[in-house]
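Undergrad: Predicted coordinates and the sequence they were generated for:
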Amino acid sequence: MNRLLIKKNQFIRFVVLLLAVPCICGADARGNNEVLVVGDTRLKPVVQVIAGIEEIMGRKVVVYAPDEVDGKLASLVEQHAARAVIALGRPSIDQALTLPPSVIVLYDLVVLPPPIDRPNTAGMYMGTPIREYLHLVSTYLPHLKNICVIASPGVVRLLNDADPSQVTVYEVTNTYEFVETVKNLEKADAVLLLPDLSLLTNKALEEIYLFSFREKVPLLGISKKHVREGSLFALEFDPESSGRSLGMMAEAALKQQNSMRNQALPPRHFNLYINRNTADKMGIAVPEAMLKKATQVYP
């Protein structure tokens, strides 16, 4: 009888422990959630970034939508005893930047890093550095020697990590200058677009695509959307990889005793999209090795 009672008590303790697992998942040894994530999980990239974060951290993280934390993020951080907040997307970042400087803030899912003077803040951005395109071109399309870049000065300063001899850079300040510079290019083998959203209006892109196909000068786009519209290829950041990088940054920051060094990092891994129809129309032979490397080939 006593043995049966002991076994029953052991089983009850096991069930209680089993039921408690979801509650402590993503928490530290004290049961506190060290990391909160703010992001709109209706958006696929947000879900993918979170998957990367959880893969590296080896646990689930608590996620709130931006509208859930509006005006009360600081109290939620205190409620969960969180030491770090990962903000995904500009609305989430704007709210996270209001937190006390003792709270670590990491961010991602912005095209370019926002101007931030808050201490204990770092993150990643989605813009692809120029060197990544040049490496791909030199490896697979070496006949495209004269690559032209047209963008505003701030975007050029951030993303132009290439040797000056490798690209010809034109700095412009508005859409009109952007379109006119493209139309008057001479001896350009390709035009590399940068994520300069103030310049890349729908009207400007229409004009540039017309120039591209008329002059047979391929555009190197910034996203798969551009490739579907007619760019030769594009390198787009990989969300899960960025999430893994954020997870490593969070783990490292939580282990530090002093304040985190502020920094904004570009993505490290990319998805390649290619438009084979554009290549055919422009007489560009895309090597099979490059096609195999692509995440998707259109059409």
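TA: Structure received. Numbers count the residues shown, from 1 in each chain.

Undergrad: quick one: residue 255 from residue 150, how far?
TA: 43 Å (C-beta to C-beta, to the nearest Å). C-betas here are computed from N, CA, C, even on glycine.

Undergrad: which one of these two has more residues nearby?
TA: residue 150 (25 against 7; other C-beta atoms under 10 Å).

Undergrad: in the sheet, who's paired with the more buried one?
TA: Residues in a beta bridge with residue 150, per DSSP bridges, are residue 170.

Undergrad: Which residues are in contact with it?
TA: By C-beta atoms under 8 Å, 6 or more residues apart in numbering, the contact list for residue 150 reads 169, 170, 172, 178, 181, 182, 191, 199.

Undergrad: ok, 7 Å please
TA: Residue 150 sits next to 170, 172, 178, 181, 182, 191 when contact means C-beta atoms under 7 Å, 6 or more residues apart in numbering.

Undergrad: Pull out the buried members of those.
TA: 170, 172, 178, 182, 191 (16 or more other C-beta atoms under 10 Å).

Undergrad: hmm, back to that, can you lay out the contacts of residue 150 as JSON lines showing pLDDT, secondary structure and distance to residue 251?
TA: Formatted as JSON lines, the contacts of residue 150 follow (pLDDT from 0 to 100; DSSP: H, G, I helix; E, B strand; the rest coil; distance: C-beta to C-beta, whole Å):
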{"residue": "170", "pLDDT": "96", "secondary structure": "strand", "distance to residue 251": "42"}
{"residue": "172", "pLDDT": "97", "secondary structure": "coil", "distance to residue 251": "41"}
{"residue": "178", "pLDDT": "97", "secondary structure": "helix", "distance to residue 251": "41"}
{"residue": "181", "pLDDT": "96", "secondary structure": "helix", "distance to residue 251": "45"}
{"residue": "182", "pLDDT": "95", "secondary structure": "helix", "distance to residue 251": "44"}
{"residue": "191", "pLDDT": "97", "secondary structure": "strand", "distance to residue 251": "40"}
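
Undergrad: of all these, which two lie farthest apart?
TA: Spanning the widest gap among the contacts of residue 150 are 172 and 191, at 12.6 Å by C-beta to C-beta.

Undergrad: Can you show me the strands along the chain?
TA: Ranges of strands in the chain, per DSSP state E, are 35-38, 62-64, 84-88, 104-108, 121-124, 147-151, 167-171, 190-192, 219-221, 233-237, 263-265, 270-275, 296-298.

Undergrad: Least confident of those strands, on average?
TA: When the strands of the chain are compared by mean pLDDT, strand 263-265 comes last with a mean of 92.

Undergrad: other SSEs contacting it?
TA: Contacts defined by 3 or more C-beta pairs under 7 Å, 6 or more residues apart in numbering; DSSP states H and E place strand 263-265 against strand 121-124.

Undergrad: per the record, what domains does this protein have?
TA: 2-126+240-269, 130-237+271-298 (automatic domain parsing).

Undergrad: Chain neighbours aside, what residue packs nearest to residue 57?
TA: Leaving aside its chain neighbours, residue 57 sits nearest to residue 247 (4.9 Å; criterion: C-beta to C-beta, 6 or more residues apart in numbering).

Undergrad: For the closest residue to residue 95 other than its chain neighbours, the count of nearby residues, please.
TA: Once flanking residues are discounted, residue 95 sits nearest to residue 73: 5.2 Å by C-beta to C-beta, 6+ apart. Counted with other C-beta under 10 Å, residues neighbouring residue 73 total 23.

Undergrad: got a list of what residue 73 touches?
TA: Taking C-beta under 7 Å, 6+ apart, one finds 95, 96, 99 in contact with residue 73.

Undergrad: Tell me which of those fall in helices.
TA: Using DSSP state H, the members of those that fall within helices are 95, 96.

Undergrad: if we can go back for a sec, state the distance from the residue nearest to residue 57 to residue 136.
TA: Taken as C-beta to C-beta, the span from residue 247 to residue 136 is 27 Å.

Undergrad: burial count for the nearest residue to residue 106 once chain neighbours are set aside?
TA: Closest residue in space to residue 106, ignoring its immediate chain neighbours: residue 86 at 4.8 Å, by C-beta to C-beta, 6+ apart. Other residues near residue 86 come to 27 when the count uses other C-beta under 10 Å.

Undergrad: Where does the prediction get shaky in the stretch 1-150 of the chain?
TA: The model of the stretch 1-150 of the chain has pLDDT under 70 over residues 1-32.
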